[in-house]
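Student: give me a 3D structure for the following:
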Amino acid sequence: ETLVLCGGEPGRTPAVEMPVGGGAPTGRDHNHHGFSVWMAGGGVRGGLAYGNTDEFGYRAVENRVHVHDLHATMLHLMGFDHERLTYHHSGRDFRLTDVHGRVVHEILA
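Tutor: Numbering: from 1, shown residues only. Coordinates of the predicted model:
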């Protein structure tokens with residue numbers, strides 16, 4: 001019944017960044033097009049790898065999960081309906097998953 005989630009900062013690009021005009025490599029840049037998070041327990045199906053990046057590890061290409069979907073799924077696993085956490089302020093609806101997000105039922109046990 002305990003949900004464990006492990007994720008770090010956004011993924012890193014699969015190649016070294018080279019500065020314009022030469023010089024020493026500056027490392028690897030952040031990659032918001034494809035990164036990994038894993039979850040265990042708490043109602044998540046065990047042994048499942050969901051989603052894929054391209055052959056270079058640069059861009060998510062299969063079963064993409066937006067961060068709003070991840071948050072909606074985590075809230076669902078903890079017993080919350082993310083759509084019921086909506087509040088109206090200054091003419092706009094707000095919630096933890098913004099006004100987006102869907103529960104990723106494919107990863108649930």
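Student: who's in contact with the nearest residue to D54 once chain neighbours are set aside?
Tutor: Counting by CB to CB, 6 or more residues apart in numbering, D54 lies nearest to V61, which is 5.1 Å off, once chain neighbours are set aside. Every residue, glycine included, has its C-beta placed from N, CA and C. Counting by CB atoms under 8 Å, 6 or more residues apart in numbering, V61 touches 52-54.
Student: which element, helix or strand, includes V61?
Tutor: strand 60-62 (DSSP states H and E).
Student: can you give the contact residues for stretch 74-87?
Tutor: For stretch 74-87, contacts defined as CB under 8 Å, 6+ apart pick out 3, 5, 39, 42-44, 71-72, 93-97, 99, 101, 103, 108.
Student: mind giving me the ChimeraX select for the residues you listed, buried ones only?
Tutor: Provided next is the ChimeraX selection string for whichever of the contacts of stretch 74-87 are buried by 16 or more other CB atoms under 10 Å:
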select :39,44,71,72,95,97,101,103
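Student: among the contacts of stretch 74-87, which are in strands?
Tutor: 3, 5, 39, 93-94 (DSSP state E).
Student: any weak-confidence spans in this protein?
Tutor: 8-14, 27-28 (pLDDT under 70).
Student: helices along that one, start to end?
Tutor: For the chain, the helices defined by DSSP state H cover 67-77.
Student: follow-up on the earlier one: ok, the residue nearest to D54 to V20 distance?
Tutor: Separation of V61 from V20 (CB to CB, to the nearest Å): 28 Å.
Student: kindly report the same for A109.
Tutor: With CB to CB as the criterion, A109 and V20 are 49 Å apart.
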